[in-house]
Structures are given as structure tokens and as C-alpha cells.
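J.: okay, here's the prediction I keep looking at, along with the sequence it came from:
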Amino acid sequence: MTNIELIAVVSGAACVAGLVLAVVALVGTRAPARSAPGAGRGLRRLWLGSGAGRRAQRAHQVRLAVAVAAGALAFLLTGLPVVGLIVAVAVPGVPWLFSVGRAEERAIARIEAVGEWTRRLKDVSATGQGLQQAIIGTIATVPEEIQEEVRLLAARLQAGWTARTALLAFADEIGDPVGDQVVAALILHLTDRGERLGDVLGSIASAAAAEVGTRREVEAKRTQPRFAVRFLTGMTLAVLAYGLLNTEYVRPYGTVLGQLVMAVLSAAFIGLLIWVRSMSQPPPPARFLPAPDPEEAIA
């Protein structure tokens with residue numbers, strides 16, 4: 001190994017080590033929240049992504065196609081396969097890193113929408129309509145964030161699903177304890193036919209508003225690690241761009257050993273970014289309602 005190659009290897013390792021220490025100093029060393037078991041895996045998830053809608057899945061597939069083309073172009077420009085692989089990973093990875101926090105913002109907006117829908121359900125049910133008719137009556141004014149879930153709930157009730165199973169499926173799609181509280185109150189109302197449903201729904205709506213305020217305050221405190229994610233991502237893009245424009249910069253990595261060192265350093269750097277991003281995400285909320293039983297869907 002020449003002196004230039006040795007300097008490049010040592011410099012890269014020192015850079016990664018310095019970034020690790022800087023991130024530890026900023027955000028601490030607590031373990032990142034683990035994702036909930038049962039998440040989609042394998043090639044299907046890689047191809048379809050995590051988007052719920054068809055539009056999101058199609059956009060993910062377009063990003064994958066662009067990633068392959070960009071990686072091939074980077075390989076042709078530099079002649080280094082690891083550079084092509086890094087560019088291919090960066091195309092879908094950079095938007096994912098920059099989108100840190102958007103999932104929680106969407107979750108907060110959905111909680112707020114659940115609170116608004118609960119108030120409207122309370123007002124409609126106060127007119128003397130049955131629960132099923134009240135739910136159907138809120139479709140026209142349901143907030144956009146949960147419009148699809150409420151429409152699906154009404155369709156299931158009209159299709160002959162048992163009210164309990166349809167409500168449990170609705171809570172499972174909302175995926176938040178606030179939605180569980182609303183569904184639990186509705187299921188209890190179906191069981192005992194109490195006359196205080198409106199009061200209970202009003203209390204849940206107020207609690208949902210308080211939950212939204214609390215979560216927004218917590219989100220404001222997560223700005224520091226999320227800034228670190230965006231800063232490190234931007235620096236990575238700058239290094240990649242410089243390497244593609246100046247082939248002399250990456251020439252010491254042109255050997256087999258150099259490619260191996262580049263792969264190790266890149267994996268460490270990407271792992272660092274993923275680690276910081278995971279620490280800036282809140283843990284999944286703990287729900288208390290069970291999943292719906294498909295066998296009990298039709299009465």
C-alpha cells in the first residue's frame with residue numbers, strides 16, 4: 001500500500017470515528033427504538049416500499065429504477081463498483097433520511113383528525129340515530145387524514161360485518177391509543193346500550209386535543225438529533241459529488257483492498273446515519289385493543 005492510499009484509509013477512518021463521537025455527544029447513547037414485530041420484510045417490501053397507497057408504491061418503484069440508473073452511471077464515470085453501489089443506495093436513502101419526523105407529524109395530524117371526527121360523531125349520535133347510521137352520517141364531514149378509514153368502516157358495516165369486528169378493524173388501521181379509546185367506548189355502548197355515549201365521546205375528543213398538544217411539544221425537542229441527520233446527509237452528498245467530479249480524489253481506492261476499505265467505511269457511515277435517525281423517532285405507541293378476528297366479521 002502506497003503512502004497516499006494509507007493516508008486516505010486513515011483519514012476516512014478518523015472521519016467516521018469523529019462523526020460517531022460527535023453524534024454520541026449530541027444525542028447520547030441510548031438504544032434506538034425497535035420496530036414493531038410483524039413488519040413487512042423481504043423482496044416484496046423492497047419493491048413496494050412502506051407506502052400505504054398505490055401512488056406511494058409507484059413513487060418508490062420509480063426511485064428504485066432511478067437508483068439503478070444512477071449507480072450504473074457513477075460506476076461508468078469512476079470505474080469503481082463500490083462508488084456505483086453508494087450512489088444507488090443514496091438515491092432512495094437520502095429522501096428517507098431527510099423525511100425524518102414526517103411520520104410523527106402525520107401521526108399527530110391523524111390523532112387530531114380522530115378527535116374532530118369523534119366530536120362530529122357525538123353531535124350526530126345526539127340526534128337519536130343508531131351508531132351505524134351515525135357513523136355513516138359523518139362520512140361527508142370526516143377529516144381528510146382519516147377519510148379512507150372512516151369510509152371503509154361504514155362500508156364494512158353496510159356489508160354486514162359485525163359492529164365489533166368492523167370497529168376493531170378501524171382501530172387497527174388507525175393504529176393509535178386515541179383511536180383505541182374511541183373504539184372501546186363505541187364497543188361498550190353496543191354492549192350495555194348506555195345513554196352517556198355523548199359525554200364519553202366528548203371527553204375522548206378533549207383528551208385527543210391534549211395529546212396532540214403534548215406530542216407537538218415533544219416533537220419540538222427532537223429537532224437537535226434530526227438536524228444532525230440532515231447535516232450528516234448533506235455532508236455525505238457533498239463528498240459523493242466531489243468524488244464523482246474529481247476522480248483523483250477516489251483513485252487511491254481503485255485497488256481491491258481500497259474498494260474493500262471504501263465499502264467498510266461507507267457501511268459504517270450509513271449505519272451511523274440510520275442509527276441517528278432511529279434515535280430521533282418516538283417509540284411506537286402502546287395499544288390495548290386486540291386485532292380483529294376475520295372469522296367473526298360476518299354475523
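T.: Looks like it arrived, so ask away. Numbers count the residues shown, from 1 in each chain.
J.: in the stretch 151-299 of the chain, what spans have low per-residue confidence?
T.: 193-195, 296-299 (pLDDT under 70).
J.: run through the helices of it in chain order.
T.: 163-174, 177-192, 197-221, 223-245, 247-250, 256-279 (DSSP state H, counting those that start in this stretch).
J.: try the stretch 1-150 of the chain
T.: Counting by DSSP H, counting those that start in this stretch, the helices of the stretch 1-150 of the chain are 3-27, 42-48, 54-78, 81-98, 102-125, 131-137, 147-158.
J.: minimum distance to residue 213: which of the ones you listed has it?
T.: Closest approach to residue 213 among the helices of the stretch 1-150 of the chain is made by helix 102-125 (9.6 Å; Cβ to Cβ). C-beta: built from backbone N, CA, C; applies to glycine.
J.: now do that closest one against helix 197-221, angle only.
T.: 160 degrees (axes from the mean of the first three to the mean of the last three Cα atoms, to 10 degrees).
J.: hmm, who's touching helix 102-125?
T.: Around helix 102-125, the neighbours that count as contacts under Cβ atoms under 8 Å, 6 or more residues apart in numbering are 131, 134-135, 137-138, 141-146, 150, 174, 176, 178-179, 182, 197-198, 201-202, 204-206, 208-209, 211-212, 215-216, 219, 281-282.
J.: of all residues in the protein, which one is nearest the centre?
T.: Most central in the chain under Cα atoms, centre = their mean is residue 103, positioned 4.4 Å from the mean C-alpha point.
J.: re the thing from before, now the helices of the stretch 151-299 of the chain in TSV, with distance to residue 119 and mean neighbour count?
T.: Listed next are these as TSV, based on distance: least, Cβ to Cβ, whole Å; neighbours: other Cβ atoms under 10 Å:
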stretch	distance to residue 119	mean neighbour count
helix 163-174	16	21
helix 177-192	11	18
helix 197-221	5	15
helix 223-245	31	16
helix 247-250	59	14
helix 256-279	35	17
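J.: and those helices as TSV, adding distance to residue 68?
T.: As requested, the helices of the stretch 151-299 of the chain are exported to TSV (distance: least, Cβ to Cβ, whole Å):
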stretch	distance to residue 68
helix 163-174	33
helix 177-192	39
helix 197-221	35
helix 223-245	17
helix 247-250	21
helix 256-279	18
